[in-house]
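1. generate coordinates for the sequence data below:
(chains A and B)
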There are 2 protein chains.
Amino acid sequence: MADGSDKSWILMVTAQSPTNIAVIKYWGKRDETLILPINDSISVTLDPDHLCTTTTVAVSPKFEKDQMWLNGKEISLAGGRFQSCLREIRSRGTDYEDQEKGISIKKQDWEKLNVHIASFNNFPTAAGLASSAAGFACLVYSLAKLMNVKEDQGQLSAIARQAHLTLQGSGSACRSLYGGFVKWAMGNDPNGSDSIAIQLATEAHWDELVIIIAVVSSRQKETSSTSGMRESVETSPLLHHRAKEVVPERIVQMEEAIKNRDFPSFAKLACVDSNQFHACCLDTSPPIFYMNDTSHKIISCVEKWNRAEGTPQVAYTFDAGPNAVLIAKNRQVATLLLQKLLFYFPPASETDLSRYKLLRLCFRISFAWLAFLYLEISYLIGDKSILKEAGIETMKDVEALPPPPEVKDNIPSKNAGDVSYFICTRPGRGPVVFSDEKALLHPETGLPK
Amino acid sequence: MADGSDKSWILMVTAQSPTNIAVIKYWGKRDETLILPINDSISVTLDPDHLCTTTTVAVSPKFEKDQMWLNGKEISLAGGRFQSCLREIRSRGTDYEDQEKGISIKKQDWEKLNVHIASFNNFPTAAGLASSAAGFACLVYSLAKLMNVKEDQGQLSAIARQAHLTLQGSGSACRSLYGGFVKWAMGNDPNGSDSIAIQLATEAHWDELVIIIAVVSSRQKETSSTSGMRESVETSPLLHHRAKEVVPERIVQMEEAIKNRDFPSFAKLACVDSNQFHACCLDTSPPIFYMNDTSHKIISCVEKWNRAEGTPQVAYTFDAGPNAVLIAKNRQVATLLLQKLLFYFPPASETDLSRYKLLRLCFRISFAWLAFLYLEISYLIGDKSILKEAGIETMKDVEALPPPPEVKDNIPSKNAGDVSYFICTRPGRGPVVFSDEKALLHPETGLPK
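-> Numbering: from 1, shown residues only, chains lettered A, B, ... in the order given. Below you'll find the predicted structure:
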């Protein structure tokens, strides 16, 4: 440890981690404590420029206890899962020395140093876009960097797998430790050592794909994925058949499809697997409904188009909520997709394409200062350049969109307001470390900036 | 045949058949031509006083061709399935003699006589309440009575199984040949001879049950059950597991539950089996959605209540559409159920509890007369006495309903207009023959009255 002469130093690391979307779904654990899944899963990492978590972790002899701030608000660290995650990383820490700053930390010192953690999502957590996957991945990654952990990414993924702060985290964080296309192998070892993430391909391997996420308005209270998958394991007769008999073959086919950039196979597998996951939710007792009528309409829109074209243009997949993640085979298809989506789901009257929306208004009395966090929300966020490519600049352009040709005989109704907004993104990179300039904690106080 | 001296006679039979609702679902055929299912199913026959088809069938030497009128409108009999059904029954006809009227028909004469058929549903066909099940059962039953067929009900059910006039009919008509609780055995014989309906118990065996049907408003175009189940058989990996591994055990348990009037087991089995059928629809490619957000809300309402009571009060089951069929364990529970349903789903503003609604306005030019068919639709049809028992006489009574106690902490939103209307009914009898006074065909012309 710092030799006692100076206790004012703060050592910090800031990292950014992406979120991910499964295309072969994880649903069900064989071990609730170790978070071991009943089947392999495969995901696509989403571009952190559009959806990510940034986390700063710091240690200092002057910190009196472990503390964490999520999106600017302090949260409790009482949960056993967080403590066990922290313990895992501390035990893997190695010696660290920075002579210039006078910092010298021995392997055994890490457990004596309290940590401060500040984490921020660049997208609304309420959107149900697996923000916890990015969050836990970022936490484990930044803590490991801070404590000079030598383990490789795969071994770190085993820690991220078990990282639980809230009921929302359920294991899929481990897939966010890599960019591109990632498999979470279920493993065989009863202690979970081989239940880790493996990168199948980098984001550069298949860089034509464009991802459009429809954030669907919903008033329904959703079942958390942790309790949902436990209930499915306990009550669904179909889930076990899926995990044992259906998924193994799909994993092989999906790996092959990704390797060959075979979009038709990729799309067919992603769609049927998303549907089968939701089928198992429905087969749960009591049944779990994550998709709603809007989700169903989006599926119909894509299915009709794919059928009309004779070969899949777009894949859809839905996680534990009503939001649609649509993967278009290339930029041109994504542009057409956006036009169709805006035709069916124009903004509600009180919204417009470039409206500012107050997202959070935090009044943190404890720090005696006001924090007003405004987030710009237009009806399409992320890679906005696609709007221009689709010829959409004003509401008039949206209103002028023609009905999709595949439904011209039977013009469908418009569903204004059913989609809150769209996000345009793409497959992206894994976690990266930022310089201290981007830290979320103050270099001298160790408190949120 | 009538000996030629008098060709003016008309011989007719009028029968009434019930519809039925499956509590262990039929979904999937192993033989599309013979309509042989991939699993046994069990249904409850619904009281024909509230939901039934009445059919008059007639033969006469003066009829120039086979003709049929459905709800007053002539329909084509060109379909091969109808012809093969008619052929089956004609071939089973036996000698008939009525000396008083001078009618003498030999076994071999039936195929030379043309038939007139008039059929009428006492409920809106658009409601998607298996009107075809009642219709085909009634057709087969009345034709068999007319042609003096000696086969028993089980053998007739094998003919009803194959009766298809439209895409809507898919085999379940065979279960409408009995009252009470009915099993359709899938059978083993490749020619289908043992794929027949069997009565498990009469309606008197368990006469406490009360059935409330919520006819759910829907703008979605639905997949017909015939094409839906074909697509499921071809594409759903879960359906085959269901048919082979899950349903056989449920059939045994459901037979036992019915035998013992064991409502908790009956309700649990009915609910999980309905959900599993819809799960297999979702696992179909492209996926089939029969339930909508309103269906999901009704399920949540029942699930919450059942959980709060600690033991099932109400079972729910959904066929190939969004309508909920709710089976309450007794009259008292049904009254409470109705109050809860009316709390969540009050009538839309433009409806009221006793409004008359013009349902059909038929102007049949061919007969040079106007037929105005008015059907009284209130917001609850069928056994209306339950409204009074629930203390509901006016819209004010509906508005005054308190939130169900099981959701008091989290008062749910009301969903006016999501349900078109409710039907209150009970388990009921099988087909019966009516006297000629109730015939739908004119005794002298053989045309619709």
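2. can the lengthiest helix in chain A be said to contact chain B?
-> If you go by DSSP state H, chain A has its longest helix at helix A:263-282. Yes. Using C-beta under 8 Å from any C-beta of the partner chain, helix A:263-282 reaches chain B at A:268, A:271-272, A:275-276, A:278-280, A:282. Where you see a C-beta, it was placed from the backbone N, CA and C, and this is true even at glycine.
3. interface residues of chain A facing chain B?
-> A:219-220, A:235, A:237-238, A:241-242, A:245-246, A:268, A:271-272, A:275-276, A:278-280, A:282-287, A:289, A:292-293, A:296, A:299, A:303, A:307, A:413.
4. out of those residues, which are buried?
-> When the residues of chain A next to chain B are checked for burial by 16 or more other C-beta atoms under 10 Å in any protein chain shown, the buried set is A:237-238, A:241-242, A:246, A:268, A:271-272, A:275-276, A:278-280, A:282-287, A:289, A:292-293, A:296, A:299, A:303.
5. chain A: helices as residue ranges?
-> With DSSP H as the criterion, chain A has helices spanning A:80-92, A:131-146, A:153-162, A:225-235, A:237-241, A:247-259, A:263-282, A:293-309, A:331-344, A:385-389, A:395-399.
6. low-confidence regions, the stretch 151-300 of chain A specifically.
-> Low-confidence segments of the stretch 151-300 of chain A, defined by pLDDT under 70, span residues A:163-170, A:219-221.
7. one more time with 90, if that's ok
-> Applying pLDDT under 90 to the stretch 151-300 of chain A flags the ranges A:151-174, A:176, A:192-193, A:217-227.
8. now do the same contact list for the one residue in the stretch 301-449 of chain A that gets nearest to chain B.
-> Of all residues in the stretch 301-449 of chain A, A:Glu303 sits closest to chain B, with a separation of 4.3 Å (C-beta to the nearest C-beta). Contacts for A:Glu303 were tallied using C-beta atoms under 8 Å, 6 or more residues apart in numbering or on different chains; they are B:286-287.
9. apply 6 Å and report the result again.
-> A:Glu303 is in contact with B:Pro286, counting by C-beta atoms under 6 Å, 6 or more residues apart in numbering or on different chains.
10. try A:Met186
-> Contacts for A:Met186 (C-beta under 6 Å, 6+ apart) come out as A:37, A:39-40, A:195.
11. for those residues, which one is nearest chain B?
-> A:Asn39 (13.5 Å).
12. could you check the pLDDT of A:Phe372?
-> At A:Phe372, the pLDDT value in this model is 30.
13. now A:Asn148
-> A:Asn148 carries a pLDDT score of 94 in this model.
14. I'd like to know how many residues surround it.
-> A:Asn148 has 16 neighbours, counted by other C-beta atoms under 10 Å in any protein chain shown.
15. can you check the one 4 residues further on too?
-> Here the number of neighbours of A:Asp152 (other C-beta under 10 Å) works out to 10.
16. same question for A:Pro264.
-> By other C-beta under 10 Å, the residues close to A:Pro264 number 15.
17. what residues are up against it?
-> By C-beta under 6 Å, 6+ apart, the residues touching A:Pro264 are A:311-312.
18. next one: the one 3 residues further on
-> Contacts for A:Ala267 (C-beta under 6 Å, 6+ apart) come out as A:312, A:315.
19. how does chain A divide into domains?
-> Listed domain ranges for chain A are A:11-203, A:210-361+A:375-425 (source: the TED database).
20. which stretches of the stretch 301-449 of chain A have low pLDDT?
-> Within the stretch 301-449 of chain A, the stretches with pLDDT under 90 are A:320, A:347-381, A:392-400, A:405-417, A:420-421.
21. how about the strands in it?
-> Per DSSP state E, counting those that start in this stretch, the stretch 301-449 of chain A carries strands over the ranges A:314-317, A:324-328, A:357-364, A:369-375, A:380-382, A:419-425, A:432-434.
22. tell me which strands and helices the fifth one is in contact with?
-> Counting contacts by 3 or more C-beta pairs under 6 Å, 6 or more residues apart in numbering or on different chains; DSSP states H and E, strand A:380-382 is packed against strand A:419-425.
23. switch to 10 Å and redo it
-> Here strand A:380-382 touches strand A:210-216, helix A:331-344, strand A:419-425, going by 3 or more C-beta pairs under 10 Å, 6 or more residues apart in numbering or on different chains; DSSP states H and E.
24. in TSV: these, plus mean neighbour count.
-> Listed next are those as TSV, based on neighbours: other C-beta atoms under 10 Å in any protein chain shown:
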stretch	mean neighbour count
strand A:210-216	24
helix A:331-344	21
strand A:419-425	23
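25. re the thing from before, and the furthest pair within the contacts of A:Met186?
-> Within the contacts of A:Met186, A:Asn39 and A:Ser195 form the most distant pair, 11.3 Å apart (C-beta to C-beta).
26. of these two, which one has the most company?
-> Counted by other C-beta under 10 Å, A:Asn39 and A:Ser195 do not tie: A:Ser195 has more neighbours, with 25 against 21.
27. for the closest residue to the more buried one other than its chain neighbours, grab the count of nearby residues.
-> Spatial nearest neighbour of A:Ser195, excluding adjacent residues (C-beta to C-beta, 6 or more residues apart in numbering or on different chains): A:Gly187 at 3.5 Å. Applying other C-beta under 10 Å, we find 19 other residues in the vicinity of A:Gly187.
28. can you show me the CA trace of stretch A:391-409 as CSV?
-> Provided in CSV are the C-alpha atoms of stretch A:391-409 (Å, rounded to 0.1, in the frame of the first residue of the first chain):
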residue,chain,number,x,y,z
GLY,A,391,-35.2,11.4,-47.4
ILE,A,392,-36.8,12.3,-44.0
GLU,A,393,-36.1,15.7,-42.6
THR,A,394,-39.5,17.0,-41.5
MET,A,395,-42.8,15.6,-40.3
LYS,A,396,-44.2,16.3,-43.8
ASP,A,397,-41.7,13.8,-45.2
VAL,A,398,-43.0,11.2,-42.8
GLU,A,399,-46.6,12.0,-43.7
ALA,A,400,-45.8,11.7,-47.4
LEU,A,401,-44.3,8.2,-47.1
PRO,A,402,-46.2,5.8,-49.4
PRO,A,403,-47.6,2.5,-48.1
PRO,A,404,-45.0,-0.3,-48.4
PRO,A,405,-45.6,-2.0,-51.8
GLU,A,406,-46.0,-5.4,-50.3
VAL,A,407,-49.2,-4.3,-48.5
LYS,A,408,-50.6,-2.0,-51.2
ASP,A,409,-53.8,-4.1,-51.8
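29. buried residues in that stretch?
-> Buried residues in stretch A:391-409, counted by 16+ other C-beta under 10 Å: A:392, A:395, A:398, A:401, A:404, A:406-407.
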